[in-house]
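# The following comprises the amino acid sequence and a computationally predicted model.
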Amino acid sequence: MDATAQILNDLKAKIEKTVKHVRDQLAGIRTGRASPALVDTVRVDYYGTPTPLQQMAHISVPEPRQLMIRPFDNSPGILKEIERALQKSDLGLNPQGDGKVLRLTLPPLSGEQRQKLAAKVKDLVEQNRVALRNERREANKHADQCKKDGKVTEDQCKGLHEKIDQEMKGAEQKMDDVLKGKQKEILEE
């Protein structure tokens, strides 16, 4: 594989990784509807080991504003540990248990809360755009280094810079789509 293809492939991989990271981050942000992704970051102390909640329990959405968490392990202490972890998390939700399952009821978001969440989403996406710009700078630096080392001609280097810019435009569009989609989800009643 020649140097230009390697630089472009590395950039594409980093772009995809960044876009996936943004989607994962945004999945954990609350909207008007319940989603199992809300509790993806919750870790439960399972016999001394911090364990992701989705590895310990089945998480379902029985109603649009409710999550139901049913532990795989029916030991009496496990439900208490899950409840404790949910209360410690930054979700701001209070789980109700009946001995077998926990229910998380999401209160409706006020207009002000929706605006704050939309702003938070925009900030997260902007932070990741900065990461993308850093990746572009790195790719351009590698292209210039290849020209300096004599691996590519000046015309090839210029073409590579143009291809890098095209990839970045595509990445920016993906980020815009992710941002608009999540903001729409948050702002709709």
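Arrived safely.
# When you work out contacts or count neighbours from here on, use the C-alpha atoms and nothing else.
Will do.
# What segments of this protein are strands?
For the chain, strands defined by DSSP state E occupy the ranges 43-46, 49-52, 57-63, 66-71, 96-97, 102-105.
# What helices and strands are in contact with the first one?
Where contact means 3 or more CA pairs under 8 Å, 6 or more residues apart in numbering; DSSP states H and E, strand 43-46 is packed against strand 49-52, helix 76-88.
# So which of those is the most surrounded?
Highest mean neighbour count among the helices and strands packed on strand 43-46 (mean count of other CA atoms under 10 Å): helix 76-88, with a mean of 17.
# Could you point out which of the strands of the chain sits nearest I15?
Evaluated with CA to CA, these place strand 49-52 nearest to I15, the distance being 26.7 Å.
# pLDDT of the top helix by length along the chain, averaged?
Longest among the helix segments of the chain by residue count, using DSSP state H, is helix 111-149. Averaging pLDDT along helix 111-149 gives 90.
# List the buried residues in it.
Neighbour counts over helix 111-149 (16 or more other CA atoms under 10 Å) mark 114, 117-118, 121-122, 125-126, 128-129, 132, 135-136, 139-140, 142-144, 146-147 as buried.
# So this structure: which segments form each domain?
3-28+110-187, 36-105 (automatic domain parsing).
# ranking those domains by mean pLDDT, which is last?
domain 36-105 - the lowest mean pLDDT of these, at a mean of 83.
# Can you measure across that one, start residue to end residue?
12 Å (CA to CA, to the nearest Å).
# Please render the helices and strands packed on strand 43-46 as a markdown table that adds distance to L109 to the earlier fields.
Output for those, formatted as a markdown table (distance: least, CA to CA, whole Å):
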| stretch | distance to L109 |
| --- | --- |
| strand 49-52 | 26 |
| helix 76-88 | 19 |
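# Nearest to K184 among these would be which one?
helix 76-88 (26.8 Å).
# Show me how far the closest one is from its chain's centre.
Offset of helix 76-88 from its chain centre (CA atoms, centre = their mean, to the nearest Å): 25 Å.
# tell me the angle it makes with strand 66-71.
Here the directions of helix 76-88 and strand 66-71 differ by 140 degrees (axes from the mean of the first three to the mean of the last three CA atoms, to 10 degrees).
# For helix 76-88, name the packing helices and strands.
Applying 3+ CA pairs under 8 Å, 6+ apart, we find helix 76-88 packed against strand 43-46.
# and with 10 Å instead?
Packed against helix 76-88, as judged by 3 or more CA pairs under 10 Å, 6 or more residues apart in numbering; DSSP states H and E, are the following elements: strand 43-46, strand 57-63, strand 66-71, strand 96-97, strand 102-105.
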